[in-house]
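**Q** predicted model follows, preceded by the sequence.
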Amino acid sequence: MKIIIDNVLKQQNKSRYWLANHTGITYPNITNLCNNKTSSIKFEMIDKICNALGCTPNDIFEVSDID
């Protein structure tokens, strides 16, 4: 599974910095998420990100190679 938050940010002309400010999630954590350098994410974070961006989890995750 891949996190594709940057795609939604780009579509909405918003930055990672904007997202950090509107969610209360630290900028380094947002950067790690966007760069797929994390092995887990809390439901609370997903909720905050989706609320800030007005999207659903389907918009920020991409499933790859289902076996």
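**A** Ah, there it is. Numbers count the residues shown, from 1 in each chain.
**Q** ok, residues contacting the longest helix belonging to the chain?
**A** If you go by DSSP state H, the chain has its longest helix at helix 43-53. Helix 43-53 is touched from outside by 5, 8-9, 12, 14, 19, 22-25, 29, 33, 56-57, 59-60, with contacts defined as C-beta atoms under 8 Å, 6 or more residues apart in numbering. For every residue, glycine as well, the C-beta is placed using N, CA and C.
**Q** and it, average pLDDT?
**A** The predicted model assigns helix 43-53 a mean pLDDT of 97.
**Q** what about it, distance to the chain center?
**A** Relative to the chain's own centre, helix 43-53 is displaced by 8 Å; criterion: C-alpha atoms, centre = their mean, to the nearest Å.
**Q** tell me which helix or strand comes right after it.
**A** Next helix or strand after helix 43-53 toward the C-terminus (DSSP states H and E): helix 57-60.
**Q** for that next one, packing partners?
**A** Applying 3 or more C-beta pairs under 8 Å, 6 or more residues apart in numbering; DSSP states H and E, one finds that helix 57-60 contacts helix 5-11, helix 43-53.
**Q** show me what counts as buried in the first one.
**A** So the one you mean is helix 5-11. Ile5, Val8, Leu9 (16 or more other C-beta atoms under 10 Å).
**Q** derive a PyMOL selection command for the buried subset of the contacts of helix 43-53.
**A** Buried members of the contacts of helix 43-53, defined by 16+ other C-beta under 10 Å, are picked up in PyMOL with:
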select buried, resi 5+8+9+19+23+25+33+59+60
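**Q** alpha carbons of the longest helix of the chain, as CSV, please.
**A** Provided in CSV are the C-alpha atoms of helix 43-53 (Å, rounded to 0.1, in the frame of the first residue of the first chain):
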residue,chain,number,x,y,z
PHE,A,43,-6.7,6.2,12.2
GLU,A,44,-6.7,9.6,14.0
MET,A,45,-4.1,10.9,11.5
ILE,A,46,-6.1,9.6,8.5
ASP,A,47,-9.2,11.3,9.9
LYS,A,48,-7.4,14.6,10.3
ILE,A,49,-5.8,14.5,6.9
CYS,A,50,-9.1,13.6,5.2
ASN,A,51,-11.0,16.3,7.0
ALA,A,52,-8.5,18.9,6.1
LEU,A,53,-8.4,17.9,2.5
